[in-house]
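Q: what shape does this take:
(2 chains)
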Amino acid sequence: MDLKLLLSWRLHLTVIVTSMLAEWVGIVRIPLGPGTLLLLPLLYAFIIGVLLNPHLFSGMGKLIPKPVSHASGPIILIAILPFIAKFGSTIGPAIEQIIAAGPALLLQELGNLGTMLIALPFAVLVLKMGREAIGATYSIAREPNIAIISDRYGLRSPEGIGIMGVYVVGTMFGTLYFALMAGYIASLDILDIRALAMACGVGSGSMVAACSAALVEAVPASKDELLAFAGASNLLTYATGLYISLFIALPITEWMYKRLKGNTPAEVRHES
Amino acid sequence: MKASQTAVDHFDAEALKELRPENQLGKTALVLAAVCISAWFSNVVNGAPLLDALPGMLILYAMVMVGLGIGRVFPFYLPSVAWVSLISIVMTLPVFPGNEWILEQLAQVNFLAVVTPVLAYAGLALTGREFAMFKQTGWKLVLVALLVFTGTFIGSAVVAHILL
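A: Okay, here's the model as predicted:
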């Protein structure tokens, strides 16, 4: 990628103005039923970014030319790194608490298997999806999971299309969805807030960011502890997630898919 | 189906490899400086004035570069995210020399303010293909994806809740 595009002052200045505007609006709390929906500045920043995107409104090409918009893609990967560093700095000081919570932290990785429990039956029985459903639901569809599917089935297979769809959705809306969901579930006050923090760790960097930030807003008093747990859980996801999805999640998904298809014989005939 | 196919075309493993930040440290150093400046300004509103946050931002910059450098020379592959976070953890451990000063400086950088510009870049980066995918058959996958995220989150939270 051309360095001139990557360092385009139009792009970075637009981002600075957008971010400062979003920060200025600040956090908005909307009561919803028994819980509260938290709107964070990152949500407004994303929406402003989309509205300024030249691919959506071609008039915006005057502000951000299309090649500059393309350069913004690889920049995301780098832009998240300072945040990851800030995030890690919450783990170091809390290392003793994290070691004390060790077993819970390790085993909650198995909770990742929750991906297919709701989503797979829905995809197969309600949406009548084929083998795309396997790729789409066996994991949270981040880069390591894509690597597994690509290795096993190829990315142009139905499984590959399934995982790429979820990957794109995750990239576009995952961050926002995690923030909204985590803030809401925290406000319901059913599950231990530390457990929710660990659950935040399942996603990609920006998902973890938004998710734990939303939790901190819901329970500001335990800020340091929450960030430390989410960060440690995310690190473990990177360390163990690959093996869990390869050796446990994918075989279970295959098995469940066969069972679900077996229960709907009409669908099988229709396909063959 | 057709729309999802374009998503696959969009994902080019080779291109992604080329873009891995640790594979071109020089370019990454410059881009990283630019994104740090964005975060630095974003931090002014709810974090700290520019000068107060400067040491903290420089520490974050250094942590990222050290992490990427180690990732580059290490014999086996770990995502750069994992390296950066490891460096940052080590540097803030109670046994690390000067960890209190580091934490003091980092406290000037607001946690949320650093993420806000990332999402602005993300909004600006969406391509015509991605918009097209959502106009066409993307809705099924959107629905499934949201269920996947919900399932993982609640699954992990319930397991952790029982064990805590």
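Q: pLDDT below threshold where in chain B?
A: Counting by pLDDT under 70, the ranges of chain B that qualify are B:1-21, B:77-79, B:129-130, B:132-138.
Q: and the helices in it?
A: Remark: helices of chain B, listed N- to C-terminal, are B:2-10, B:13-19, B:25-46, B:50-73, B:80-92, B:99-106, B:111-125, B:128-135, B:138-163; assignment by DSSP state H.
Q: please apply the same query to the stretch 51-200 of chain A.
A: Counting by DSSP state H, counting those that start in this stretch, one finds helices in the stretch 51-200 of chain A at the ranges A:66-91, A:95-100, A:102-107, A:114-121, A:132-137, A:143-152, A:158-169, A:175-188, A:193-200.
Q: would the second one count as contacting chain B?
A: Yes: contact of helix A:95-100 with chain B (C-beta under 8 Å from any C-beta of the partner chain) involves A:Ile95. Where you see a C-beta, it was placed from the backbone N, CA and C, and this is true even at glycine.
Q: could you say what helices and strands that helix packs with?
A: Helices and strands in packing contact with helix A:95-100 are listed as helix A:223-244; criterion 3 or more C-beta pairs under 8 Å, 6 or more residues apart in numbering or on different chains; DSSP states H and E.
Q: hmm, back to that, with respect to burial, which of the helices of the stretch 51-200 of chain A scores highest?
A: Using mean count of other C-beta atoms under 10 Å in any protein chain shown, the stretch among the helices of the stretch 51-200 of chain A with the largest mean neighbour count is helix A:132-137, at a mean of 30.
Q: for it, output the C-alpha coordinates as CSV.
A: Coordinates of each C-alpha in helix A:132-137 appear next as CSV, following Å, rounded to 0.1, in the frame of the first residue of the first chain:
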residue,chain,number,x,y,z
GLU,A,132,-22.5,-22.5,5.2
ALA,A,133,-24.0,-22.8,8.6
ILE,A,134,-21.0,-24.9,9.8
GLY,A,135,-18.5,-22.3,8.8
ALA,A,136,-20.7,-19.5,10.1
THR,A,137,-21.4,-20.9,13.6
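Q: what does it contact?
A: Taking C-beta atoms under 8 Å, 6 or more residues apart in numbering or on different chains as the criterion, the residues outside helix A:132-137 that touch it are A:115-116, A:119-120, A:123-124, A:127, A:129, A:149, A:153, A:157-166, A:250, A:253-254, A:257, B:4, B:141, B:144-145, B:147-148.
Q: that older thread, which one of the helices of the stretch 51-200 of chain A lies nearest to B:Ala125?
A: B:Ala125 lies closest to helix A:66-91 among these, at 3.7 Å (C-beta to C-beta).
Q: got the angle between that closest one and helix A:223-244?
A: Comparing the axes of helix A:66-91 and helix A:223-244 via axes from the mean of the first three to the mean of the last three C-alpha atoms, to 10 degrees yields an angle of 110 degrees.
Q: need the contact list for B:Phe41.
A: Residues near B:Phe41 by C-beta under 8 Å, 6+ apart: A:16, A:19-20, B:50.
Q: change it to 10 Å
A: Residues touching B:Phe41, when contacts are defined by C-beta atoms under 10 Å, 6 or more residues apart in numbering or on different chains, comprise A:12-13, A:15-17, A:19-20, A:23, B:50, B:53, B:113, B:117.
Q: likewise A:Met129?
A: Applying C-beta under 10 Å, 6+ apart to A:Met129 gives the contacts A:120, A:122-123, A:136-137, A:158, A:162, A:257, B:140-141, B:144.
Q: just those: which has the poorest pLDDT?
A: Comparing pLDDT over the contacts of A:Met129 singles out A:Pro158 as the least confident position, at 79.
Q: wait, doesn't that one sit right on A:Tyr257?
A: No: using C-beta atoms under 10 Å, A:Pro158 and A:Tyr257 do not qualify as a contacting pair, with a distance of 11.2 Å.
Q: which residues do those two both contact?
A: The overlap between the contact sets of A:Pro158 and A:Tyr257 (C-beta under 10 Å, 6+ apart) consists of A:129-131, A:133-134.
Q: just say which of the helices of chain B is most tucked in.
A: Neighbour counts averaged per stretch over the helices of chain B are highest for helix B:111-125, at a mean of 29; criterion: mean count of other C-beta under 10 Å.
Q: what helices or strands is that helix leaning on?
A: The elements that helix B:111-125 packs onto, with contact taken as 3 or more C-beta pairs under 10 Å, 6 or more residues apart in numbering or on different chains; DSSP states H and E, are helix A:9-25, helix A:41-52, helix A:66-91, helix A:175-188, helix A:205-218, helix B:25-46, helix B:50-73.
Q: and the second one with helix A:9-25, angle?
A: What it means is helix A:41-52. Orientation note: helix A:41-52 sits at an angle of 140 degrees relative to helix A:9-25 (the same axes, to 10 degrees).
Q: now helix A:41-52: buried residues?
A: When burial is assessed from 16 or more other C-beta atoms under 10 Å in any protein chain shown, helix A:41-52 yields the following buried residues: A:41-50, A:52.
Q: how far away from the center of its chain is that helix?
A: Taking C-alpha atoms, centre = their mean, to the nearest Å, the mean C-alpha location of helix A:41-52 is offset from the chain mean by 17 Å.
Q: do the same with the third one
A: Put simply, helix A:66-91 sits 15 Å off its chain's centre (C-alpha atoms, centre = their mean).
Q: does that helix reach chain B?
A: Yes: with C-beta under 10 Å from any C-beta of the partner chain as the criterion, chain B is reached by helix A:66-91 at A:66, A:68-91.
Q: who's in contact with A:Met198?
A: Counting by C-beta under 10 Å, 6+ apart, A:Met198 touches A:101, A:104-105, A:107-109, A:111, A:192, A:212, A:226, A:229-230, A:232-234, A:236-237, B:156-157, B:159-161, B:163-164.
Q: distance of it relative to A:Ala228?
A: Going from A:Met198 to A:Ala228 by C-beta to C-beta, to the nearest Å gives 10 Å.
Q: residue contacts, A:Ile149?
A: Contacts for A:Ile149 (C-beta under 10 Å, 6+ apart) come out as A:134-136, A:138-139, A:141, A:155, A:157, A:159-164, A:167, A:245, A:250.
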